[in-house]
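# what shape does this take:
(one chain, ligands or ions: 2)
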Amino acid sequence: MDIVHLLPDHVANQIAAGEVIQRPASCLKELVENSLDAGATNIQIIVRDAGRTLLQVIDNGKGMSQTDARMAFERHATSKISRVEDLFSLRTMGFRGEALASICAVAQVEMTTRREEDEVGVRLEIDGSKLIEQEACACPVGTSLKVKNLFYNVPVRRKFLKTDQTELRNLLTEFYHIVLVYPRVQFTFVHNDEILFDLPIGNEKQRIESIFGKSNTRQFTSNLIDLNTDTELVSIRGFVSKPEACGKNAQQYFFVNGRFMRHPYFHKAILNAYAGMLPNDYSPSYFIYFDITPEAIDVNIHPTKTEIKFADEQTIFQILLASVREAIGKFSLVPTIDFDRSGAIEMPVRTSPNTQGTPTRPSLPHIQVDPNYNPFHAKQTAPKNWNQLYPDRPISDESSTAQASLYEHDIPIGTPYQYAERYILLPTTEGLLIINQHRAHICIEYEALLQQLREQKGVSQQLLFQEVVELTADEMAVMETILQDLRAIGFAIDQFSKTSYGISGVPAQLPQSDAVMVVRDILHSVIETGADAAQKWQEQIALSMARNTAIPYGKVLTKDEMQDLCTRLLSMKTYSRTPDGKRVLTLLSNSEIENRI
Ligand code: ADP
Ligand code: MG
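Numbering: from 1, shown residues only. Ligands and ions are numbered 1, 2, ... in the order given. Next comes the predicted model:
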């Protein structure tokens, strides 16, 4: 018996769906792109349970005829290309004719649509690729597509969906990617009956403001400089941060011919333009819109991929770099900031987000005293086998008895010295240990904070006046998730309004003035890493708190403080790198020193 046969359509569609529709966000992207391709100027998005139970897109586009409406759900049915050559001159968002077929293979779909020239529209109901009902109906011009119970017939996929908060965040990310390039289209986004966005028609800058403006006291876009370069090869428009407005929570977006894209190489061009102007972990926000002839980019990309290849990347890199440099230069903002205080040693300075470009020194938190620390036991000693625990060879999982034994051998260490207000030089029997003071303290604080999170024992200090932090919709969602943990480490924080939280107390080790900034920093580090398991986001919280409270560079330390820091560091389980992988210390061994001199 022959055993090779063609797959039934609904099976083939379900397999294809796995590629195109991975989560509610990819479904939203396809539906909204179809609406835009249909020339809609008003698009409403209605979501329930982060898209699990309902995802509806209503547009006022050109609609479909009865026959087209039925055809649209077939695989490779598209009105957008008909010849292979068309692929290379593509200006529409969709073209593969796969999206609707894929969606209806894994959901219950209901569509109503009408063209202007038709008296009545048509209503279709499709359930797992099967047409259930088709009837004439009265409806407005345009198309409404309801996707219900996504993955109801693919339990494995359903199981792979993350928490509602994460899926909502994914939906909003996709939403931002689209609405930022279509400021002349009105969008609303409703989640569980709550209007999260109602974006009026405007220009690009107004659109950026209406999305990101909320979370800042100053106008977000007043911190942006215009960019405008036209060459034969490419036109580059958009906005970049003023150098003094750069920070840790930058919004970074590239678009090409109306499509969001990721481009690590072009990202580097932008960072290069700011080289030397920003403290270490600061970066600029940017919204860059490339316009280029479609022949010069590879359009036949996978529908879910956002990386795009350009024919002449190096030249565009140079044009972009020059263009951003020029934009920054025009505002002659460059010379006003001089971060380099002591020549060869790099001294990062933090600009407070509230001041207009005046670099301020971070306020100095003092070293927290560990009540369990016994100075008579540990002072002037280093763990016996610390040189084995040494960088790049972090000890695996030492048992607690091994840990205790570290203290029991008195290996003399010398007097610590501070160098460049940045390093601690610690003579040991093995050689000279060079310790980065800020990173060392991050390691110590991080462990302590994780402990507080586990035991819910953070100590809070009352703020004189409550601080209010305004949040965007996706920030609100994350805030809900991590609220208990923020309280566990000492934040007194409660919801203040629909879009804000009030902070009335902060962890004891945190300078009061930093409350809002640190809460924001924590939120963003959780968002950026996409942490959606409690343990993961607790690690992010601990890390961003530790970064904000650790001894800064530039702080002069007393001998006692240095000894305390060294002993605590070297008695930790792993200390060669910070939790995010930065090197904490290095050893200049005795033999290395002898070889040199
Ligand atoms: P593609 O967008 O790649 O052509 P889709 O499966 O997404 O494929 O859509 C199939 C066809 O259905 C489109 O080519 C278009 O003609 C029609 N269509 C889909 N959505 C809409 C809409 N909102 N308004 C008008 N026509 C639409
Ligand atoms: Mg499409």
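
# which secondary structure elements does the helix or strand containing Cys443 sit against?
Assigned by DSSP states H and E, Cys443 belongs to helix 437-455. Where contact means 3 or more C-beta pairs under 8 Å, 6 or more residues apart in numbering; DSSP states H and E, helix 437-455 is packed against strand 423-428, helix 473-488, helix 534-549, helix 559-570. Yep, even glycine has a C-beta here, placed from its N, CA and C like the rest.

# the second one vs helix 437-455, what angle?
Yep, that's helix 473-488 we're talking about. 80 degrees (axes from the mean of the first three to the mean of the last three C-alpha atoms, to 10 degrees).

# immediately after helix 473-488, which helix or strand?
Following helix 473-488 in sequence order, the next helix or strand is strand 492-497 (DSSP H and E).

# pairing partners for that following strand, with directions?
strand 500-507 (antiparallel) (DSSP bridges).

# just the buried positions in the strand it pairs with, please.
Applying a neighbour-count criterion of 16 or more other C-beta atoms under 10 Å, one finds Tyr501, Ile503, Ser504, Gly505, Val506, Pro507 buried in strand 500-507.

# next, the residue nearest the centre of the chain: phi, psi?
Central residue of the chain (C-alpha atoms, centre = their mean): Glu528, 2.9 Å from the mean position. Per-residue torsions, Glu528: phi -60, psi -40 (degrees, to the nearest 10).

# make 344 the starting number, not 1.
Yes, from this point I'll number from 344; that puts the last item at Glu871.

# and it, how far from ligand 2?
Distance, Glu871 to ligand 2, by C-beta to the ion, to the nearest Å: 30 Å.

# so who does that residue touch?
By C-beta atoms under 8 Å, 6 or more residues apart in numbering, the contact list for Glu871 is empty.

# and the gap between it and Tyr608?
Applying C-beta to C-beta, to the nearest Å, the value for Glu871 to Tyr608 is 20 Å.

# could you point out the longest strand in the protein?
Longest strand in the chain by number of residues, with DSSP state E as the criterion: strand 803-813.

# so which bits of that strand are buried?
Residues of strand 803-813 classed as buried under the neighbour-count rule (16+ other C-beta under 10 Å) are Ser803, Leu806, Glu810, Val812, Glu813.

# likewise stretch 604-615?
Neighbour counts over stretch 604-615 (16+ other C-beta under 10 Å) mark Met604, His606, Phe609, His610, Ala612, Ile613 as buried.

# what pairs with the one helix or strand Ile401 maps to, parallel or antiparallel?
Applying DSSP H and E as the criterion places Ile401 in strand 397-402. According to DSSP bridges, strand 397-402 forms sheet pairs with strand 385-391 (antiparallel), strand 485-491 (antiparallel).

# closest one to ligand 2 among those strands?
Nearest to ligand 2 among those is strand 485-491 (10.8 Å), distances taken as C-beta to the ion.

# gap between the next helix or strand after the closest one and the chain center?
Counting by DSSP H and E, the next helix or strand C-terminal to strand 485-491 is helix 498-503. Its chain's average C-alpha position is 25 Å from that of helix 498-503, according to C-alpha atoms, centre = their mean, to the nearest Å.

# per the record, what domains does the protein have?
Using automatic domain parsing, the domain ranges for the chain come out as 352-542, 550-673, 719-940.

# could those go into CSV alongside mean pLDDT?
Below are these laid out as CSV (pLDDT from 0 to 100):
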stretch, mean pLDDT
domain 352-542, 88
domain 550-673, 86
domain 719-940, 79
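
# any chance of these in TSV, with distance to Ile346 too?
Formatted as TSV, those follow (distance: least, C-beta to C-beta, whole Å):
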stretch	distance to Ile346
domain 352-542	16
domain 550-673	31
domain 719-940	43
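
# as a markdown table, those with distance to ligand 1 would be great.
What follows is those, written out as a markdown table (distance: least, C-beta to the nearest ligand atom, whole Å):
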| stretch | distance to ligand 1 |
| --- | --- |
| domain 352-542 | 2 |
| domain 550-673 | 8 |
| domain 719-940 | 25 |
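
# got the contact list for Ile579?
Taking C-beta under 8 Å, 6+ apart, one finds Leu570, Asn571, Thr572, Asp573, Ile631, Tyr632, Phe633, Asp634, Ile662, Leu663, Ser666 in contact with Ile579.

# scan these and report the most crowded one.
Counting neighbours by other C-beta atoms under 10 Å, the top entry in those is Leu663, with 27 neighbours.

# which elements pack onto the helix or strand hosting it?
If you go by DSSP H and E, Leu663 is part of helix 656-673. For helix 656-673, the packing partners by 3+ C-beta pairs under 8 Å, 6+ apart come out as strand 567-573, strand 578-584, helix 607-616, strand 629-634.

# distance to Met407 for those - can I get that in TSV?
What follows is those, written out as TSV (distance: least, C-beta to C-beta, whole Å):
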stretch	distance to Met407
strand 567-573	38
strand 578-584	34
helix 607-616	38
strand 629-634	30
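
# from Ser868, how far off is Tyr766?
According to C-beta to C-beta, Tyr766 and Ser868 sit 26 Å apart.

# what's the answer for Val465, then?
Counting by C-beta to C-beta - Val465 and Ser868 are separated by 49 Å.

# from what I see, Leu663 and Ala612 are in contact.
Yes - taking contacts as C-beta atoms under 8 Å, Leu663 lies within contact range of Ala612: 4.4 Å.

# can I get the buried residues of stretch 604-615 in TSV including distance to Leu796?
Output for the buried residues of stretch 604-615, formatted as TSV (distance: C-beta to C-beta, whole Å):
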residue	distance to Leu796
Met604	38
His606	37
Phe609	38
His610	33
Ala612	40
Ile613	36
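
# ok, so of those, who is nearest Ser934?
The closest of the buried residues of stretch 604-615 to Ser934 turns out to be His610 (C-beta to C-beta; 42.4 Å).

# the closest one - nearest residue in space that isn't next to it in sequence?
Spatial nearest neighbour of His610, chain neighbours left out: Gln595 (7.0 Å); criterion: C-beta to C-beta, 6 or more residues apart in numbering.
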